[in-house]
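Student: can you look at this prediction? I've put the sequence above it.
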Amino acid sequence: MSGITDSFQEIKGVFRTFSTFFTTVISVAVLAFVLYPIVILLSASLRTTRDVAQNPIALPDPTNLQFDNYVQAWVEGGFGHYFMNSVIVVMITLAILLVICSLAAYGLVELDIPGSHLLVLSVILGFMVPAQALFIPNFALLNILDLLDTRAGLILTYTGFSIPFTFFLIYQSFNTLPAGFADAARVDGVSELTIFSRVYVPLTLPSIMAAAVVQFVLKWNEFLYALTFITTDEKRTIPAGLMQFNSFFTNEWNLYTAGIVIAVAPAIVIFYFFQNYFIEGITRNRVDVE
Amino acid sequence: MNARQVSNTVQEFAPEVNIPKPIKSILFITPLSVFYIPFLILPACMLIGMSLFSGSTFQNLEYVGLANYQYLFDRGTIWLALQNSLIYTIGHTVICVGGGLLVSLAIMRAYSFIQQYLRFLYMVPLAMMGVAVGFIWGYMYNPRSGAIPALIEMVRPDMFLNILGNPDLALLAIIIVGGWRGLGFYTTIWVIALLNVDERYYEAARLDGVGAWATFRHITLPLTKSIGMFLVLHSMIGSMKMFAYFWVLTQGGPARATEVLITYMYKLAFMQNALGRAAAVGVFLFLAVLVMTIGIERVFGLEPEYERGVQ
């Protein structure tokens, strides 16, 4: 009797090992599909122009890695200033966004503002308007304000269309805090601004971080506005610069791939350290308005 | 630290200022309004307004009523662009949401390992900017030097494939690019949603002798329906708005085979200087996204929800 049970256990064990093996194979296959183009990209960026032209998809020679490609892309390809412009535009946009959205969220959650429901609703309705649909009127608006071809124009329009997402994430998390927190402080005569900055912001920091990480990645990668609103090369941000770069180094795939690596690296690094915030930010911010 | 302690410590820093409460509360929402009204509400209104005017600069604006829309419908390119956008959207959703579900069901067991080491790698493409993704795949598809034609050549040496230059293949090629970018991310979200389902439901099903398919159909699907709807919505709306790979890879060609709403809008605005017509395409895009959102909610039959999500 025990012999039968044993062999049954054994079969079950084999089956489990097999299915673990099988699932690992699938996960590795998906991973290979995802990583293959990235490996090719990194390889090409570390080889010489001639080498890449002869065999575009070979791995680099480990004894002769061309790190010089990155230096050339940074200096001659103009990636130095594209990079700085992106840092300036994205960081200022993020700073403005987080401050105005969290202040407003506090006002709407804690203070009795007449018609606050309508305000919340109007911000949420902003979700329904894709930034891409607004790019023609934004172009006209910046033209009227004489802000075309300025980084300020890019910052203002980025801030505008990022408000609904950022506001709503912070508003939701402020809403989950018990009202007693603020009341206790208020009884003691603490000002609203202090309650906001010393109670609300610290307690909801994970949500604010989530909003910041998602917006960093989205704004770092934004292409349509960056391509059309900026025409002077010195003011271009990375996504538009990459497009420019393409026509500059037509056949030098090694420099060109090095430029791509520089362009995507910051968002990937941020994503690596804050991936849980990113997932949280994207999935929690679900607004369904009918 | 509780709230009272916090308020005691912060009291010293806070000088008492007497501002009447209504004004104080309005001060909190003013900074947001300063950006929100001119850079979101105003452009949204301008979008509709501009679609009723013609003129290439702002000096020669002329009210033309619905003539811009008339033009779009007469030319018919708008329908082609809408059709391509929808094909791309459906392809992306099938690969990323459907494929992601299958992959996630398959890799649930391997997931503790993936969770530790591979999750980040799965999601890397999503963090890459669309322009870069476009260039990487342009390199992959390059007929002379790309990896994909090289792979095809191994199987069929007689075939010379210019994939992106072929009207029958170009859109499919871009759908694969989008799938590549999203698959790992959607898989990851599905796995998180599946892991979130309470183990006791499966335990109960097992005790009752419920089969694998019935368990999936009556336990897994209903309990992950809300995240499923979110993923479908995210994928579809994201696809309708995609511009970068289309612009980098084909610019809407060959022969408009990959013309989507945004490439069409871009061309009208900056190659034909027809801002009014481009704005009309923008209105079209807005309506398409709106209809899609409402439609998906109806199909999934979910009540509006604000706070449930992946924990």
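Tutor: Right, received. Where do you want to start? Since this is a predicted model, take the numbers as computed values, not measurements.
Student: can you count the residues close to B:Ala255?
Tutor: For B:Ala255, the neighbour count with other CB atoms under 10 Å in any protein chain shown is 9. Every residue, glycine included, has its C-beta placed from N, CA and C.
Student: ok, now the one 4 residues further on?
Tutor: The number of residues packed near B:Glu259 is 24, by other CB under 10 Å.
Student: unless I misread the structure, it falls within a helix.
Tutor: No - read with DSSP: H, G, I helix; E, B strand; the rest coil, B:Glu259 is coil and lies in no helix.
Student: what about it, distance to A:Ala133?
Tutor: Distance, B:Glu259 to A:Ala133, by CB to CB, to the nearest Å: 17 Å.
Student: and stretch A:211-228, how far out from the chain middle?
Tutor: 6 Å (CA atoms, centre = their mean, to the nearest Å).
Student: so is it next to chain B?
Tutor: Yes - Stretch A:211-228 lies within reach of chain B by CB under 8 Å from any CB of the partner chain, at A:Val217, A:Trp220, A:Asn221, A:Phe223, A:Leu224, A:Leu227, A:Thr228.
Student: who's in contact with the residue positioned nearest the centre of chain B?
Tutor: Nearest residue to the geometric centre of chain B (CA atoms, centre = their mean): B:Gly238, 1.2 Å. Taking CB atoms under 8 Å, 6 or more residues apart in numbering or on different chains as the contact definition, B:Gly238 lies against B:His92, B:Gly182.
Student: next SSE after the helix or strand hosting it?
Tutor: If you go by DSSP states H and E, B:Gly238 is part of helix B:221-240. Reading on from helix B:221-240 to the C-terminus, the next helix or strand found by DSSP H and E is helix B:244-249.
Student: does that following helix come close to chain A?
Tutor: Yes - with CB under 8 Å from any CB as the criterion, chain A is reached by helix B:244-249 at B:Ala244, B:Trp247, B:Val248.
Student: turn those residues into JSON lines, columns for neighbour count, distance to A:Ser102 and pLDDT.
Tutor: Formatted as JSON lines, the residues of helix B:244-249 next to chain A follow (neighbours: other CB atoms under 10 Å in any protein chain shown; distance: CB to CB, whole Å; pLDDT from 0 to 100):
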{"residue": "B:Ala244", "neighbour count": "23", "distance to A:Ser102": "30", "pLDDT": "91"}
{"residue": "B:Trp247", "neighbour count": "22", "distance to A:Ser102": "35", "pLDDT": "93"}
{"residue": "B:Val248", "neighbour count": "23", "distance to A:Ser102": "36", "pLDDT": "91"}
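Student: can you tell me which of these is closest to chain A?
Tutor: B:Ala244 (4.5 Å; CB to the nearest CB).
Student: that closest one and A:Glu222 touch, don't they?
Tutor: No - counting by CB atoms under 8 Å, A:Glu222 is not a contact partner of B:Ala244; they are 9.2 Å apart.
Student: tell me the mean pLDDT for stretch A:169-180?
Tutor: Stretch A:169-180 carries an average pLDDT of 87.
Student: now the end-to-end length of that stretch.
Tutor: End-to-end span of stretch A:169-180 (CA to CA, to the nearest Å): 21 Å.
Student: quick one on the thing from earlier: closest to chain B among the residues of stretch A:211-228 next to chain B?
Tutor: Distances from chain B to the residues of stretch A:211-228 next to chain B, taken by CB to the nearest CB, are shortest for A:Asn221, at 3.6 Å.
Student: could you report the pLDDT at that closest one?
Tutor: pLDDT recorded at A:Asn221 is 93.
Student: chain neighbours aside, what residue packs nearest to it?
Tutor: Counting by CB to CB, 6 or more residues apart in numbering or on different chains, B:Met129 is the residue found nearest to A:Asn221 once chain neighbours are left out, at 3.6 Å.
Student: for the one you found, phi and psi?
Tutor: Dihedral pair for B:Met129: phi -70, psi 150, per degrees, to the nearest 10.
Student: quick check: it vs B:Val248, distance?
Tutor: B:Met129 is 10 Å from B:Val248, by CB to CB.
Student: over to B:Glu259?
Tutor: Separation of B:Glu259 from B:Val248 (CB to CB) stands at 15 Å.
Student: ok, back up a step: give me the distance from the helix holding B:Gly238 to the chain's centre.
Tutor: Centroid displacement of helix B:221-240 relative to its chain, using CA atoms, centre = their mean, is 11 Å.
Student: what helix or strand is residue 173 located in?
Tutor: Defaulting to chain A. Here A:Ser173 sits within helix A:151-175, counting by DSSP H and E.
Student: was after chain B, sorry
Tutor: Assigned by DSSP H and E, B:Ala173 belongs to helix B:170-196.
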